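*Asks:* Fold the stuff below for me.
(one chain, ligands or ions: 2)
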Amino acid sequence: MEDCIFCKIVKEEIPCHKVYEDDDVLAFLDISPVNPGHTLVIPKRHYVDLLELPETEAQTLIARIKKIAPAVISGVEAKAFNLNLNNGKIAGQEVGHFHWHIVPRFESDGRELWRGQPYGEGEAEAILEKIKNLIK
Ligand code: 5GP
Ligand code: ZN
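*Replies:* Ligands and ions are numbered 1, 2, ... in the order given. I've put the predicted structure just below:
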């Protein structure tokens, strides 16, 4: 896609620090890392988000993440990683080319995740009723 920054990275019109590449997938260091080694994993073809991404591409990406993530965390001597997917602008997606973030995690790195809170009486059942019949 013409105006897509990640398509430009795929076409090597914009440089990146390439972590991994094959015919279908590219992984490169995030330009503004949450932690050292923060890596983006993208399909080479342009899809806006997870809902556009064909299942076969999703399978390929997961398989590659399983290869890449252990190297990333070992390389930066991290203890674990978060696999983040911001799906849609309101969810924090800034680049409209599907990507997963591999964010290495270190003990006491201060990268707090959101806290949840329990449902009130009957709330879970009411929400479930609205959602489950819509699954196709
Ligand atoms: P999003 O908010 O869409 O989930 O994440 C987009 C990510 O892409 C951000 O973490 C941002 O730092 C990264 N990013 C944006 N532009 C570039 C770029 O030109 N090069 C690289 N390597 N990362 C980028
Ligand atoms: Zn793109």
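*Asks:* before we move on, what SS does the spatially closest residue to Val34 that is not a sequence neighbour have?
*Replies:* Once flanking residues are discounted, Val34 sits nearest to Val103: 5.1 Å by CB to CB, 6 or more residues apart in numbering. Any C-beta I mention is one placed from the backbone N, CA and C, and that applies to glycine too. The local conformation at Val103, judged by DSSP: H, G, I helix; E, B strand; the rest coil, is strand.
*Asks:* Please determine how far Ile90 is located from Ala58.
*Replies:* Distance, Ile90 to Ala58, by CB to CB, to the nearest Å: 22 Å.
*Asks:* the more surrounded of the two?
*Replies:* More neighbours surround Ala58 than the other of Ile90 and Ala58, with 14 against 7 (other CB atoms under 10 Å).
*Asks:* In three-state terms, label that one for me.
*Replies:* helix.
*Asks:* wait, doesn't Leu40 sit right on Phe98?
*Replies:* No: Leu40 lies out of contact with Phe98 (CB atoms under 8 Å); the separation is 10.3 Å.
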